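Asks: Here is a sequence with its predicted model. Questions after.
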Amino acid sequence: MAVEERSETGRVTRGREVADIRLERVTKRFDDVVAVDDVSLAIERGSFFALLGPSGCGKTTTLRMIGGFEEPTGGAIFLGDADVTGLPPYKRDVNTVFQSYALFPHLSIFENVAFGLRRRGQRGDPLKRRVEEMLELVALPGLGKRKPGQLSGGQQQRVALARALVNSPQVLLLDEPLGALDLKLRKQMQLELKRIQNDVGITFVHVTHDQEEAMTMADQIAVMNAGRIEQLGSPDELYERPRTAFVASFLGASNLLRGRAAGEGVVRLEDGTEVRVPAAALAGRTGPVAVGIRPEKIRLAAGESNMLEGVIAERSYIGVSTQYIAQTGTGSITVYAQNTDHGPSGLAAGDRVTLSWSPESTFVVDALEEERR
Amino acid sequence: MNFFHRHRALVPYLLLLPGLAWLALFFVVPMYYLGYTSLQAGDLFSGYTFAWAWDNYSDAFTLYRGHFIRSLEYAGVATLAAFLISYPLAYWIAFRGGRWKNFLLLLVIAPFFVTYLIRTLAWKTILADQGFVVDALRTLHLVGEDGRLLATTTAVVAGITYNFLPFMALPLYVSLEQIDKRLIEAAQDLYASRVKAFLRVTFPLSLPGVFAGTLLTFIPAAGDFINAELLGTPRQLMIGNVIQSQFKEVANYPQAAALSFVLMAGIVIAVLLYARAVGSERVTAGTAA
Ligand SMILES: Nc1ncnc2c1ncn2[C@@H]1O[C@H](COP(=O)(O)OP(=O)(O)O)[C@@H](O)[C@H]1O
Ligand SMILES: [Mg+2]
């Protein structure tokens, strides 16, 4: 057991360091739908962890199982050292910011925020001080008397955050908390959430389908697809070294070229070109694979050790960069060229071009089965 | 066409006209005649004439005071009983009914497919001295050897409760059904046990339904006469019975009209007091946002 001491404010100080949340082979089935399929993961204490994936991939269900709103069909969930599988939500040291906020419409903002503290027996001045402190943290001082219906979406979002954080839980769960906000407010709240997480030092588990949001906010991201975790890692790991075609295309754009493993650190493409890749990226793979290159890592000139000949098919000027689409022997390849020099570059549609990129910028994923283009 | 274009502001009022006409014809005019009648004097043979006869009202308070009080008591107890029965029922259908919801609701209002009178007559059979209910209660020694149910206060109140139950259950169901289930999850997330979550979130949010249901039950129950007539004895007579007999049997129209007015005033006052007690703000809070 971890040594826990609870001070009057409900803050928890812990002895031994353990993963804050651990899922062990967790599966959730709804009738014939497998929403979460044999998921195992560990979330570090104090980290900002994102569950990223397309709609319907099982993110909310995973979060709800951690919160105690759904029982796993199989597997176990640990908070710190304690197995909490089967415990009701009110017995877990976890709080949730719900997708639609779920503020109590009949209670004032003050009472909404005070709800959890009251249930734990806090009263009087300490309660009042704590709630006001919290409303200040989320930049909503003085709004305590209003009802949720009288606040804007952004303000409601902050109240939902305050209502959960005020309890100083071990873990805060956030289900697409910024989904209902407009773009500008969303960007602003992303930074603010990150700041608050830094201040309070609580583990955040953040569910989102927005890859940019996950990349800017999270220390660790688990990319989910069809109930499974495709890959877990830091944002740059996932971007630079995606291990599946799904991860490569879900996080940013990438060129995927079919080929076969052809010895130590070499992949032979369909047109016979040999591409050098980091040996570790190919580790253990044989037979059909696909190599991937991010569009901004390709140069429109020779010079790197991986090369392809092609013809420019399309060119569009975007401002900071220019996007080219080149036809090559293995299909079309997208290239982003930074417009660092003055004026447009000399290449135009129809020009022959040599594309090159370094082996370090190349990643390898499983052979493309469904995604034929 | 042109007329409507030029007088656009008039259109809402024109749309109101049918409703206003209906109100005037079927509410204001009868009320006027009722008030007029209640102040008449005379008798059936020489006819009734208008005479500012306020003694119809003083008689209502002195002669029939017991009936008024009994009516409010019976209606109050029946409303409470209907609430205690309906709330768990509506709660269960709203939260656990799943795809059976509509069918279960149909069962709740199924008795309405049978006429009020017939339904109450059926209760007469159920509660009869030789009926199985009394038999069972006698066997269990819950009533004495010659104890009975029919022709008792219990029978009348039970009849009223039964007859008005759907008026209570349906508004409760509607208000419970529209509660966002996430709010209950949020309460549990914030350390409220199931019971606490119910007391702090579910019940307060269902108050508009409680308010509507109690009014829809209490108001017709206070004026009811069928249950007392069929299931009770003269000792259970309610004000509705008195009005009915004054009107149809004694043909003392002024007295019947005065009694009706007093009953109406009594109900309005009771409703206003109730609305203030429950707090109209809390009642409407659940529907906001
Ligand atoms: N209560 C439920 N009953 C039946 N199916 C459900 C339920 N909740 C979620 N699902 C299904 O499980 C899958 C994953 O849903 P969810 O976890 O909400 O995905 P996400 O949050 O990633 O969009 C979906 O196919 C969804 O239809
Ligand atoms: Mg979701």
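Replies: Okay, I see it. Ligands and ions are numbered 1, 2, ... in the order given.
Asks: So in chain A, which helix runs the longest?
Replies: helix A:183-200 (DSSP state H).
Asks: and that one, which residues are buried?
Replies: A:185, A:186, A:189, A:190, A:192, A:193, A:194, A:196, A:197 (16 or more other Cβ atoms under 10 Å in any protein chain shown). Heads up, the C-betas are built off the backbone N, CA and C, glycines and all.
Asks: What pLDDT is listed against residue A:5?
Replies: pLDDT, residue A:5: 42.
Asks: where in the stretch 201-350 of chain A is pLDDT low?
Replies: Low-confidence segments of the stretch 201-350 of chain A (pLDDT under 70): A:343-345.
Asks: Need the nearest residue in space to residue B:51, chain neighbours excluded.
Replies: Residue nearest to residue B:51 in three dimensions, not counting chain neighbours: residue B:41, with 4.1 Å by Cβ to Cβ, 6 or more residues apart in numbering or on different chains.
Asks: closest point of the stretch 101-250 of chain A to chain B, which residue?
Replies: Here the residue of the stretch 101-250 of chain A nearest chain B is residue A:149; by Cβ to the nearest Cβ that distance is 3.2 Å.
Asks: Count the neighbours of that residue for me.
Replies: By the criterion of other Cβ atoms under 10 Å in any protein chain shown, residue A:149 has 13 neighbours.
Asks: Is it in contact with residue A:105, as I believe?
Replies: Yes. Under the criterion of Cβ atoms under 8 Å, residue A:149 makes contact with residue A:105 at 6.1 Å.
Asks: Identify the residue nearest residue A:175 in space, chain neighbours excluded?
Replies: Residue A:175 sits nearest to residue A:99 (Cβ to Cβ, 6+ apart), 4.4 Å away.
Asks: ok now do the one you found, which residues does it touch?
Replies: A:60, A:175, A:176, A:177, A:179 (Cβ atoms under 8 Å, 6 or more residues apart in numbering or on different chains).
Asks: can you check residue B:196 too?
Replies: So residue B:196 contacts A:119, B:187 (Cβ under 8 Å, 6+ apart).
Asks: now do residue A:58
Replies: A:28, A:35, A:36, A:37, A:39, A:224, A:226, A:227.
Asks: what about the second one, neighbour count?
Replies: It stands for residue A:35. Residues near residue A:35, counting by other Cβ under 10 Å, number 21.
Asks: and what of the third one?
Replies: Residue A:36 sits with 28 neighbouring residues when counted by other Cβ under 10 Å.
Asks: Does it lie in a helix or a strand, and which?
Replies: Assessed by DSSP states H and E, residue A:36 sits inside strand A:33-43.
Asks: and that strand, which strands flank it?
Replies: strand A:21-30 (antiparallel) (DSSP bridges).
Asks: Report whether the strand it pairs with contacts ligand 1.
Replies: Yes. Residues of strand A:21-30 contacting ligand 1 under Cβ under 6 Å from any ligand atom: residue A:30.
Asks: hmm, back to that, could you pick out the buried ones from the contacts of residue A:58?
Replies: With neighbours counted by 16+ other Cβ under 10 Å, these contain buried members at A:28, A:35, A:36, A:37, A:39, A:224, A:227.
Asks: Touching, residue B:87 and residue B:175? I think so.
Replies: No. Between residue B:87 and residue B:175 there is no contact under Cβ under 8 Å: 10.6 Å.
Asks: Strands of the stretch 201-350 of chain A, start to end?
Replies: Assigned by DSSP state E, counting those that start in this stretch, the stretch 201-350 of chain A shows strands spanning A:203-208, A:220-225, A:228-233, A:255-261, A:266-269, A:274-276, A:288-293, A:306-317, A:321-328, A:331-338.
Asks: Direction included, what does the third one pair against?
Replies: According to DSSP bridges, strand A:228-233 forms sheet pairs with strand A:220-225 (antiparallel).
Asks: Then the fifth one?
Replies: Counting by DSSP bridges, the strands paired with strand A:266-269 are strand A:255-261 (antiparallel), strand A:274-276 (antiparallel).
Asks: what does the last one give?
Replies: Using DSSP bridges, the strands paired with strand A:331-338 in its sheet are strand A:321-328 (antiparallel).
Asks: Going by neighbour count, which residues in the strand it pairs with are buried?
Replies: Within strand A:321-328, the residues that count as buried by 16+ other Cβ under 10 Å are A:321, A:322, A:323, A:324, A:325, A:326, A:328.
Asks: Go through the residues you listed and name the one nearest residue B:156.
Replies: Nearest to residue B:156, judged by Cβ to Cβ, of the buried residues of strand A:321-328 is residue A:323 at 84.4 Å.
Asks: ok, the closest one - contacts?
Replies: A:295, A:314, A:315, A:316, A:334, A:335, A:336.
Asks: Show me chain B divided up by domain.
Replies: B:1-31, B:59-288 (automatic domain parsing).
Asks: okay, those, which one's buried deepest?
Replies: Highest mean neighbour count of the domains of chain B: domain B:59-288, a mean of 18 (counted as mean count of other Cβ atoms under 10 Å in any protein chain shown).
Asks: Next, report how far that domain is displaced from the centre of its chain.
Replies: 6 Å (Cα atoms, centre = their mean, to the nearest Å).
Asks: For that domain, give the mean pLDDT please.
Replies: For domain B:59-288, mean pLDDT is 91.
Asks: ok, that domain near ligand 1 or not?
Replies: No. Legend: contact between domain B:59-288 and ligand 1 by Cβ under 6 Å from any ligand atom is lacking; minimum distance shown is 10.5 Å.
Asks: With the flanking residues excluded, which residue is spatially nearest to residue A:178?
Replies: Spatial nearest neighbour of residue A:178, excluding adjacent residues (Cβ to Cβ, 6+ apart): residue A:186 at 4.6 Å.
Asks: returning to what we had before: I'd like the list of the contacts of residue A:99 that fall within helices, please.
Replies: Short answer: those in helices (DSSP H) are residue A:60.
Asks: Taking the contacts of residue A:99 together, which two end up most distant?
Replies: A:60 and A:177, at 12.2 Å, using Cβ to Cβ across those.
Asks: Who has more neighbours out of these two?
Replies: residue A:177 (28 against 20).
Asks: just checking, the more buried one touches residue A:160?
Replies: Yes. Counting by Cβ under 8 Å, residue A:160 is a contact partner of residue A:177 at 7.1 Å.
Asks: Overlap of the contact sets of the two?
Replies: By Cβ under 8 Å, 6+ apart, the residues touching both residue A:177 and residue A:160 are residue A:97.
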